[in-house]
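**Student:** Provided below are the primary sequence and the corresponding predicted coordinates.
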Amino acid sequence: MERLEHTADLGPLASAAATAEGEARGTRVDLDNVSKRYQVGDVTVTALDDVSLHVDEMAFVVVLGPSGSGKTTLLNLIGVLDTPTEGRVAINGQDLSRASRREMFDFRRRSVSFIFQTFNLFPGLTALENVQFGADVAGRTDAEAVAREVLERVGLGGRVQHFPHQLSGGEQQRVAIARALATENPILLADEPTGELDFTTGVQILQLLQAQAEAGKSVLVVSHNREISRIADRVIELSSGRLVRDGPPVGGKRRADELRW
Ligand SMILES: Nc1ncnc2c1ncn2[C@@H]1O[C@H](COP(=O)(O)OP(=O)(O)OP(=O)(O)O)[C@@H](O)[C@H]1O
């Protein structure tokens with residue numbers, strides 16, 4: 001595996017937020033020699049093969065790899081939606097590889113938020129209600145106020161009463177991001193979050209996610225689009241379930257408005 005030094009180019013906002021959130025809540029993720037295998041009839045499918053990975057807070061990480069290389073499997077393990085067949089997954093030193101379903105649920109509730117390619121908003125709920133749901137699930141007592149504030153932050157203060165079908169694709173993805181942010185969980189996991197969006201809207205969504213990393217969250221974005229990885233602090237590449245590269249983007253980190261695809 002090619003391992004390169006990576007340096008995060010993060011501003012003063014990041015250090016302030018890291019002190020406030022990182023120390024209070026912590027976001028270190030450790031995968032040690034993790035493999036994930038599925039048994040399908042007589043065939044054993046190795047989705048991840050002996051992957052070791054360590055992610056600290058305040059990083060914008062892009063996971064790259066062709067279809068079937070294990071990206072979603074990796075995201076699901078980090079998000080404790082699944083457990084490894086072999087190896088150890090630990091969050092802040094707490095080994096969750098053999099956790100009970102209850103422990104996994106509790107961990108997800110207070111630590112992880114997910115953003116999906118297809119937004120996954122509740123069609124019968126308004127933008128505000130969708131975001132409030134995220135805050136409720138995370139146990140926030142001031143859920144409505146939080147939801148309004150976060151929608152304002154993603155530029156949708158004027159769309160709170162809109163239902164998903166009344167919003168553009170980019171607006172729906174911003175609602176999904178607002179729902180994730182409303183949890184105030186320190187780890188943000190996004191699976192192909194720009195896959196359904198046009199270029200300009202995709203760049204806006206990436207900028208929003210990048211800002212979350214700069215504010216102290218650990219943001220992991222799965223993509224098959226190499227161009228997206230150019231704005232990352234760190235690029236992790238998978239091939240046939242193996243980690244084949246881990247380091248800063250080739251040619252140095254770019255700004256989101258320099259991207260082309
Ligand atoms: N539940 C499952 N049962 C059996 N095989 C699975 C299961 N989930 C994933 N796999 C297999 O594991 C491998 C990795 O799948 P994964 O979804 O992680 O890849 P990916 O890189 O996210 O792919 P894509 O970009 O197409 O979404 C694939 O070969 C897939 O067929």
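**Tutor:** The structure has been received and is ready for your questions. From a predicted model like this one, the values you see are computed outputs, not experimental measurements.
**Student:** any idea which residue sits dead centre in the protein?
**Tutor:** The residue lying closest to the centre of the chain (Cα atoms, centre = their mean) is L189, at 1.5 Å.
**Student:** Is it correct that it falls within a helix?
**Tutor:** No - counting by DSSP: H, G, I helix; E, B strand; the rest coil, L189 falls outside a helix, being strand.
**Student:** got the contact list for it?
**Tutor:** Residues counted as contacts of L189 (Cβ atoms under 8 Å, 6 or more residues apart in numbering) are L75, I78, G79, V112, S113, F114, I115, L220, V222. The C-beta positions use only the backbone N, C-alpha and C, and glycine is treated the same way.
**Student:** Just the ones of those in helices?
**Tutor:** Residues of the contacts of L189 located in helices (DSSP state H): L75, I78.
**Student:** out of the contacts of L189, which one sits closest to the ligand?
**Tutor:** V222 (6.6 Å; Cβ to the nearest ligand atom).
**Student:** picking that back up, can you pick the most crowded of the contacts of L189?
**Tutor:** L220 (28 neighbours; other Cβ atoms under 10 Å).
**Student:** In three-state terms, label the nearest residue to it once chain neighbours are set aside for me.
**Tutor:** The shortest distance from L220 to any non-neighbouring residue, by Cβ to Cβ, 6 or more residues apart in numbering, is to V61 (4.8 Å). Using three-state DSSP, the structure places V61 in strand.
**Student:** quick one: V61 from N33, how far?
**Tutor:** According to Cβ to Cβ, to the nearest Å, V61 stands 20 Å off from N33.
**Student:** of the two, who's got more company?
**Tutor:** Legend: neighbour count by other Cβ under 10 Å for V61 and N33, higher for V61 (24 against 12).
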